[in-house]
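K.L.:
sequence and predicted structure below; questions after.
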Amino acid sequence: MEHWKKRDKKLNDPTQFRNTIKNSMALDIKIGDREAHVQLIKKEGSKATIQIDKKIYEVDIMMVENGVYSIIHEGKSYNIEMIHGSSPKNYFVNTYYSSHELNIIDAQSRYQQNRNKDGLNNGDKIISTPMPGKVVRIPVKEGDQVEKGTTLIVISAMKMESEYKSPADGVVKRVYVAEGETINGHQPLIEIQ
Amino acid sequence: MEHWKKRDKKLNDPTQFRNTIKNSMALDIKIGDREAHVQLIKKEGSKATIQIDKKIYEVDIMMVENGVYSIIHEGKSYNIEMIHGSSPKNYFVNTYYSSHELNIIDAQSRYQQNRNKDGLNNGDKIISTPMPGKVVRIPVKEGDQVEKGTTLIVISAMKMESEYKSPADGVVKRVYVAEGETINGHQPLIEIQ
Amino acid sequence: MIKKVLIANRGEIAVRIIRSCRELGIKSVALYSDADRTAMHVRHADEAYHIGPSPSKESYLDGDKIIEVAKQCEADAIHPGYGFLSENAEFAKKCKAAGIIFIGPSWESIVTMGDKISARLKMIEAGVPVVPGTQQKVGDIESVNKVVSEIGLPVIIKASAGGGGKGMRLVRKKEDLASAIRMAQSEALSSFGNDTVYIEKYLDSPHHIEFQILADKQGTTVHLFERECSVQRRHQKMIEETPSPFITKELREQMGKAAIKAARAVHYEGAGTIEFLVDANRNFYFLEMNTRLQVEHPITERTTGIDLVKEQIYVASGNPISFKQEDLVQFGHAIECRISAEDPFNNFMPCPGIIRHISEPNGLGVRTDGYVYEGYEIPMHYDPMITKIITWGRTRDEAIERMKRALFEYKITGVKTSIKFLEKIMDNKDFNDGNYDTHFIEKHIDELLDIHSDPHLTTTDMALIGAYIDYTSKLERIGMNDFAIAAKKNEKWKEYGLMKSLQKI
Amino acid sequence: MIKKVLIANRGEIAVRIIRSCRELGIKSVALYSDADRTAMHVRHADEAYHIGPSPSKESYLDGDKIIEVAKQCEADAIHPGYGFLSENAEFAKKCKAAGIIFIGPSWESIVTMGDKISARLKMIEAGVPVVPGTQQKVGDIESVNKVVSEIGLPVIIKASAGGGGKGMRLVRKKEDLASAIRMAQSEALSSFGNDTVYIEKYLDSPHHIEFQILADKQGTTVHLFERECSVQRRHQKMIEETPSPFITKELREQMGKAAIKAARAVHYEGAGTIEFLVDANRNFYFLEMNTRLQVEHPITERTTGIDLVKEQIYVASGNPISFKQEDLVQFGHAIECRISAEDPFNNFMPCPGIIRHISEPNGLGVRTDGYVYEGYEIPMHYDPMITKIITWGRTRDEAIERMKRALFEYKITGVKTSIKFLEKIMDNKDFNDGNYDTHFIEKHIDELLDIHSDPHLTTTDMALIGAYIDYTSKLERIGMNDFAIAAKKNEKWKEYGLMKSLQKI
């Protein structure tokens, strides 16, 4: 009968809890400008203790339907819908009261992020789409000199045509697809060097 | 464009098709008084050729949702809902136009059926319920002499109480559960010898 | 206005109440037993608190605990729904003592209407016709004989505190009278702790017709027309409709007035229902009052446009009813079918279990009020009703056609349901002619249970094909090993385990 | 009466038509392209035939093939739904030639109303006000200048064969006139193979208000009141309601009469819609006629109780309309929201994909007309609209509150949808005040796209917890190997494959 009592505790030393953890993975999750450090401290059945930055939450969490979680926290009932974004680490989350885009930052993403920052990745401009569709037109060919903003490819999906433009001045290094071809989302289409 | 044309063929020698089959299992399925011999002859994607007794059907069949099949046969669209009955071989099937109880008769069931016929199984009267519930009352105890029709156990589920009576005169050989206990469907409750 | 409502209920009615709260901008609080953590009402509410173990007595019927939660979470009001504590005067009284609004009538009204003899007396006093019979507790056999000679056989003996058919005995022959009374008394004592019984004339082909009423603290009492509830099985309603195809405009007016009189007689507040029996000659008699929302309230909502839960909340907040009697019309026709997880073809055995798949009907003129979803396990502890389908049509015929279409569209696998049985009723000629009374199901039971068609039709072969493909593809997925084990050990438990693993696929 | 209807369409409208056919006891025939074998309309229909590859041109737009199927399966009639072949006069003509009833007006009516200049002329002749402008093809610049000096700037240049905003140019300054006409002509030629353009006065804050009409072969033409359709994005309607909060009782009567006049002028038969522009001073002008069922027809059905598809079938069968103009009332208020698989926060990019989970709203006053289901893959070949939610209330306020509740209840995962955007509109003050015109979305776009709340709230932390648990439990299930590969090869393709495998969980 105590579940509506306040249980959040501000901790001076968040690491003191870490000792009790065995296999739980810590994740950094980016939400807007914020990068939150999230870690499972304890889980027994549907009851979980989770630390987000310096705050400890005790929640009752269950996946009730495919991609839909029910969380009860201090008596409040939350319905969380997890919608996949452009990668398995990208989520669009509806909580009924707000929508958020979240990105899981694990070691791999961190590494890539750093690589990108260091400019090691600057030859790597691959055009792709977030959704499946059909190639309507490719007004360029391999070897063409293009300017930033030049239309490289036109994709049609659900009666709507979208143009994809070059992100920078460069040369069309490779065209992976042909006009009329059906494509998947996140598939490489054109590479600019 | 030929899918609405009649394709059923009455065969003089149904075995002539068997030669083309590799791994498809033949099943006998009991529906009412009828025992139908069903066998897959060919399957390519969603198109299947299936023989039921002497009749050949060419159908387009897909599981569209969990336990729900869409079948198109000679242009007719059928929705088949498969509802599990008391065992994995027992189905309750709704076709929207009719409901059927079906029983798969495979080698194992056939063997048991025969065993039962031969009377080898006559000491084996185990009382169980088709659905989960709670034991309300057990008016008998192990060793009791009971007559056919004596109430052996009362089970409650969903605000309704059901009495289970002895199928024959005999002795209570074993009581597997206690009053107040929660039970699953198809769990042995009481054995009569 | 009330700001936060705790719903002391579960299932479809809890979800339905939460919906109206949300539309009014009122916070809703759900309760859940051990069995109900993932239930729909928990997911729909703004707040949710665990209330106890699965059996109702230890959770949804534990009034003290519920009031305690309401206080802690600072709910202004408790909505009891139907069933559970909804007609429990003691609970209503305790709410009042705790300073929490009970969304329903005063506990005094519940007490008066809860005791059938006192309700009969009140009604006679108010000039509302009651079924001929005794006005008090039945005593010596001579006075019983006198009553019976006045009203004539057959009669029915009923427990004053009764309900659900318990402590009831039908008597057709005079010589059975004395023993029937003794048996009814003893059953009443063991069921309700009170052996008071009374005698009523037994009406042979009655219609069960009820009137929805609403009354506010300002003294306005209105009725929202009738509901025809004669399609019953063992005193359980299965199908309801409004308007009743049986009653006339004049009768509707008379009964409406009588219903308002009945409610006024007990200073009723909130939403309630006056149940009448109407005989073949269209004489009507007060049967009882339900001092709560009814399962079948949506058909009244559909034809009048009034949201009854919102009106309950207005009235409980001290606001007047939001409309006037003269503004109400019956717009078109509505029918409700109750869908339960049960097997009509196996003596209506309840079928708790896991919903493998569900798609509910939709489109023009169809409302469903349900609470189960894919992957949800229907608990064995509570009522087997899982959904109500309400269809509307400009005419009764259109409402029936639409109900057939809705039942056709309703797809559920994993548990058995009453859908096929309801479809058979929709196809029944007498039902279609509006020619039925409370004996309808009994009278037609053989026809209604006959669902098996010719096993040599093409549809049957399609069912065989479905079963063949389903079974063989499952075998492929789980491998044959489990089967081998089951065959070797030949134990029912293995069979069960195997079934479980098959169901999980 | 017609006995078998072939539905030359897909998606929600095909399902919706099949529903009414079923209620009438009429057999329905579905068609499906390669992409649509598992689509809902195939599952709802009595019969289903494969019609060709996924692209519409090779399937749902192949009129000859469709008529061939209709003949083979012995359908009496073809219902074209909306879109696809519904306003194709040639197809209507071919149906007639093949002896199949086209459920819609005569091909001659389609031709007259399809050409905007001829429609304008017809309307002027019939005394229906049209937007001031030219009555014929625009010729030399002098006559253009003369027209413009009469009606005043700004003006809009439109293609006579046009639609969907193509071949349209807004002109605010006189010096831009000549070049705008040249550009419009060239765009019209390339889009419609016809360079005919005309000039209309541009109304600055117009309401888009349309009237539903029905006409039978017996010569009766009725209207079923208006629909307010001003909430549009790039000429695509998003939200519609009836009654319009903008128009008065008198204006409704005038416009209703004008709508009937317009339909009579082209000897219209069946269901159709007269679209009007209404300026801020409540002057109304004929814009165009849609010679088919509209997407937003359900709000009219909800407030009048009339099943428009059934009326279409009655009329096409040669029967009279089933009601009289004077019997119609607008009962309460209805609103429709169109839900599309698109990402409003990424320039409304369409989002085809697999539905992981869907639960649609339900209960009192809520209708959904959809066609997607769990596990269904929304094809990329067709329109992104997946569901329409229609809510009803006794008042406009109640209908809005109910829509908010319905959008709240609507749960879908797997694809992005416009739900959050629609919720923002429902929360908008101007919308709530009924104070909006066709510029509504444009005007409020920044506010409507601002859905991100404070990232430090508890709800945000709940989202983080959900993401954490979802992601880590998926990692556990698929094992870490896939990740290792992806990390090593660092290829987008692997990433995609991984995502696919994650989505399948």
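P.N.:
Sure thing, it's come through.
K.L.:
can you give me the helices for the stretch 51-200 of chain C?
P.N.:
C:63-72, C:89-97, C:107-114, C:116-126, C:141-151, C:177-192 (DSSP state H, counting those that start in this stretch).
K.L.:
now do the helices in chain A.
P.N.:
In chain A, the helices defined using DSSP state H lie at A:107-117.
K.L.:
residue numbers of it in contact with chain B?
P.N.:
By Cβ under 8 Å from any Cβ of the partner chain, no part of chain A sits against chain B. Any C-beta I mention is one placed from the backbone N, CA and C, and that applies to glycine too.
K.L.:
neighbouring strands - and their directions - for the helix or strand where residue C:271 lies?
P.N.:
Using DSSP states H and E, the element containing residue C:271 is strand C:270-278. Sheet pairing for strand C:270-278, assigned by DSSP bridges, gives strand C:207-215 (antiparallel), strand C:284-290 (antiparallel).
K.L.:
low-confidence ranges, chain A, go.
P.N.:
Scanning chain A for pLDDT under 70 picks out A:1-23, A:97, A:107-124.
K.L.:
and the closest residue to chain B within it, how many neighbours?
P.N.:
For chain A, the residue closest to chain B is residue A:66, as judged by Cβ to the nearest Cβ, at 10.9 Å. Residue A:66 is flanked by 17 other residues according to other Cβ atoms under 10 Å in any protein chain shown.
K.L.:
quick one on the thing from earlier: reformat the helices of the stretch 51-200 of chain C as TSV; add distance to chain B, mean pLDDT and mean neighbour count.
P.N.:
Converted to TSV, these look like this (distance: least, Cβ to the nearest Cβ, whole Å; pLDDT from 0 to 100; neighbours: other Cβ atoms under 10 Å in any protein chain shown):
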stretch	distance to chain B	mean pLDDT	mean neighbour count
helix C:63-72	19	98	19
helix C:89-97	19	97	19
helix C:107-114	20	95	21
helix C:116-126	22	94	18
helix C:141-151	32	87	14
helix C:177-192	13	84	17
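K.L.:
okay, those in a markdown table with distance to residue B:50 next?
P.N.:
A markdown table is the format used below for these (distance: least, Cβ to Cβ, whole Å):
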| stretch | distance to residue B:50 |
| --- | --- |
| helix C:63-72 | 57 |
| helix C:89-97 | 60 |
| helix C:107-114 | 61 |
| helix C:116-126 | 61 |
| helix C:141-151 | 67 |
| helix C:177-192 | 56 |
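K.L.:
among these, which comes closest to chain D?
P.N.:
helix C:63-72 (19.2 Å).
K.L.:
determine how far that closest one lies from the middle of the whole chain.
P.N.:
The gap between where helix C:63-72 is centred and where its chain is centred comes out at 26 Å by Cα atoms, centre = their mean, to the nearest Å.
K.L.:
before we move on, what about stretch A:134-150?
P.N.:
Computed by Cα atoms, centre = their mean, the chain-centroid distance of stretch A:134-150 equals 28 Å.
K.L.:
who's in contact with that stretch?
P.N.:
Residues outside stretch A:134-150 that contact it (Cβ atoms under 8 Å, 6 or more residues apart in numbering or on different chains) are A:151-157, A:161, A:165-175, A:177-183, A:189-190, A:192, D:380-381.
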